[in-house]
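Undergrad: I'd like to go over a predicted model; first the sequence, then the structure.
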Amino acid sequence: MIDQHFTPSWAADILADALPRDVHGGIVDPAAGTGSLLVAVEQSGRHFTPIALDSDPAVVSELRRKHPTWVVSVADSLSPRSRSSSRAWRFARSTGVEWVLLNPPFSYRGGPAIQTTIGDYSGRVSPSAQFLVVALTELEPRQGIVAVLPDGVVRGDKYGPFWDAVSQNHKVVEIADLRTSAFPGVRAHCRVVKLERLESSRAVGPLMRVPGPIPQRDGCRCVEVIRGRIPRHVPLSVGGERAPFLHTTDVLDNLVRDADRDAPVHLATSGPAVIIPRIGKPGRKIATISRGSFALSDCLIALRPLGRGPEPLAEELRVEVDALSRAYRGTGAPYVTVRALTTFLLEHGWHANATSASAPPGACLCGAAESAARLSPAATLSAAS
């Protein structure tokens, strides 16, 4: 069963406002529901051809009654057979469309993820992401797509390679962050994203800006982002060389207390580093480790500056703790993804590079001619999740 949560008019206006004023030609909504997205564009005074599809025959019948001049038909946009039998879908493909507006179903209740391929990406994605893939690869809008997507799809670490593939041909920009009460009857944190088709240049990564070579105004600004990987309650083997095992409860008042457990040293990360929580907002949990090795639970993240000690970064994070807290999301316990944290650091002048736990420190690349290419988000975020 597909979850249906129709777009409220105020959210539809956000998507409509993201389109250029002089848009002409076809605009298609592959999951039209009550048609609010296309209605919002009509009410803005733009002249275009509305094309609407929905899998619910009753919804389509109502759309035809209310909007007799639209091109409307029944179609499950995730079913190739259903698409090929849909008059509106065939019309959109044969005449071409300028834009796709999309608020797709976020999930099939109890259904699995969908295997998909786009560009050089192949993997399993949510139904909402698959709607995006179908629109990009089959409708091929001349200008782009404006879509409402779950926060986990937009900023989730596992979707990094997916967005890297999308960004080969589209500039991807976040337009709005919708509150969890945006859709009546469901608490879903979601975002409005705009994909603008690129003419010739290649994008370098989704939802981020790419810094140029880092100015060495106050020393090295390279930092490695390391997500902890050891579940708190997993029994750890005994014997052999050991390292302190750190959990969120070991960080308080911006200090790391003595750990009451240890872990095999091959699971450890070498310092110095700044320790922050991955789950639960940072508050007074921005601490430093000056030396030695430590193993991180999966509730912590280590930030390892290269070429300097950890205190300058820790102090900057404490000053910017409110901005840092806004990078934490979730309708339950707030959490931060490696991707969101890397974005935050890039925006604050640090050259952030995701790496895996237990990896040795990398090399400082400050001022290197190739640094912009080597440390673009598309390159760095594929290293670790």
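TA: Now that the structure is in, tell me what you want to look at. Predicted, not measured: the structure shown is a model, and the values here were computed from it.
Undergrad: please name every helix or strand in contact with the helix or strand that contains Thr117.
TA: Thr117 belongs to strand 114-118 when assigned by DSSP states H and E. In terms of contacts (3 or more CB pairs under 8 Å, 6 or more residues apart in numbering; DSSP states H and E), strand 114-118 is packed against strand 121-125, helix 127-134, helix 160-166. C-beta: built from backbone N, CA, C; applies to glycine.
Undergrad: mind putting those into a markdown table with mean pLDDT, mean neighbour count and distance to Val225?
TA: As requested, those are exported to a markdown table (pLDDT from 0 to 100; neighbours: other CB atoms under 10 Å; distance: least, CB to CB, whole Å):
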| stretch | mean pLDDT | mean neighbour count | distance to Val225 |
| --- | --- | --- | --- |
| strand 121-125 | 92 | 16 | 22 |
| helix 127-134 | 94 | 23 | 24 |
| helix 160-166 | 88 | 23 | 12 |
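Undergrad: among the ones you listed, which is nearest Arg65?
TA: Among the helices and strands packed on strand 114-118, helix 127-134 comes nearest to Arg65, with 25.2 Å by CB to CB.
Undergrad: which neighbouring elements make contact with the following helix or strand past that closest one?
TA: Sequence-wise, the next helix or strand downstream of helix 127-134 (DSSP H and E) is strand 144-150. For strand 144-150, the elements it packs on are helix 9-17, strand 99-102, helix 127-134, strand 170-178, strand 190-197, judged by 3+ CB pairs under 8 Å, 6+ apart.
Undergrad: quick one: closest of these to Arg257.
TA: Nearest of these (CB to CB): strand 170-178, 35.2 Å.
Undergrad: report the angle between that closest one and strand 144-150.
TA: Counting by axes from the mean of the first three to the mean of the last three CA atoms, to 10 degrees, strand 170-178 points 40 degrees away from the direction of strand 144-150.
Undergrad: report the buried residues of strand 170-178.
TA: His170, Lys171, Val172, Val173, Ile175, Ala176, Leu178 (16 or more other CB atoms under 10 Å).
Undergrad: if we can go back for a sec, let me know the average pLDDT across the strand holding Thr117.
TA: Averaging pLDDT along strand 114-118 gives 93.
Undergrad: partners of that strand, with directions?
TA: As defined by DSSP bridges, the strand partners of strand 114-118 come to strand 121-125 (antiparallel).
Undergrad: can you tell me what sits against the partner strand?
TA: Pro112, Ala113, Ile114, Gln115, Thr116, Val133, Val153, Tyr159, Pro161, Phe162, Asp164, Ala165 (CB atoms under 8 Å, 6 or more residues apart in numbering).
Undergrad: ok, now with 7 Å
TA: Ala113, Ile114, Gln115, Thr116, Pro161, Phe162, Ala165 (CB atoms under 7 Å, 6 or more residues apart in numbering).
Undergrad: can I get that strand in CSV, CA atoms only?
TA: Provided in CSV are the C-alpha atoms of strand 121-125 (Å, rounded to 0.1, in the frame of the first residue of the first chain):
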residue,chain,number,x,y,z
TYR,A,121,25.3,4.5,-9.3
SER,A,122,23.7,1.1,-8.7
GLY,A,123,22.0,0.2,-5.5
ARG,A,124,18.8,0.1,-3.5
VAL,A,125,16.8,3.3,-2.8
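Undergrad: about what we covered before: closest one to Ala302 out of the contacts of strand 121-125, please.
TA: Pro161 (22.9 Å).
Undergrad: for Val59, which non-adjacent residue is closest in space?
TA: Closest residue to Val59 apart from its sequence neighbours, by CB to CB, 6 or more residues apart in numbering: Gly33 at 6.2 Å.
Undergrad: would you check that the one you found makes contact with Asp54?
TA: Yes. Between Gly33 and Asp54 a contact is recorded at 6.1 Å, counting by CB atoms under 7 Å.
Undergrad: bridged to His170, which residues?
TA: The partner residues for His170, given DSSP bridges, come to Arg197.
Undergrad: give the contact list for the closest residue to Gly144 other than its chain neighbours.
TA: Spatial nearest neighbour of Gly144, excluding adjacent residues (CB to CB, 6+ apart): Glu196 at 4.4 Å. Taking CB under 7 Å, 6+ apart, we find Glu196 in contact with Gln143, Gly144, His170, Lys171.
Undergrad: distance to Gly292 added to the helices and strands packed on strand 114-118, as a markdown table?
TA: Formatted as a markdown table, these follow (distance: least, CB to CB, whole Å):
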| stretch | distance to Gly292 |
| --- | --- |
| strand 121-125 | 37 |
| helix 127-134 | 41 |
| helix 160-166 | 31 |
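Undergrad: re earlier: the helices and strands packed on strand 144-150: which one's closest to Val238?
TA: Among the helices and strands packed on strand 144-150, helix 127-134 sits nearest to Val238 (CB to CB), with 43.1 Å.
Undergrad: sec struct for the residue of the chain positioned farthest from its centre, please.
TA: Of all residues in the chain, Gly239 has its C-alpha farthest from the mean position, at 40.6 Å, by CA atoms, centre = their mean. Three-state call for Gly239 (DSSP: H, G, I helix; E, B strand; the rest coil): coil.
Undergrad: which of Gly33 and Asp54 has more neighbours?
TA: Asp54 (27 against 19; other CB atoms under 10 Å).
Undergrad: can I assume Gly156 is in contact with Thr337?
TA: Yes. With contact defined as CB under 7 Å, Gly156 counts as touching Thr337 (6.1 Å).
Undergrad: low-scoring stretches of the stretch 251-385 of the chain, by residue?
TA: 330-332, 365-385 (pLDDT under 70).
Undergrad: repeat that for 50
TA: 368-385 (pLDDT under 50).
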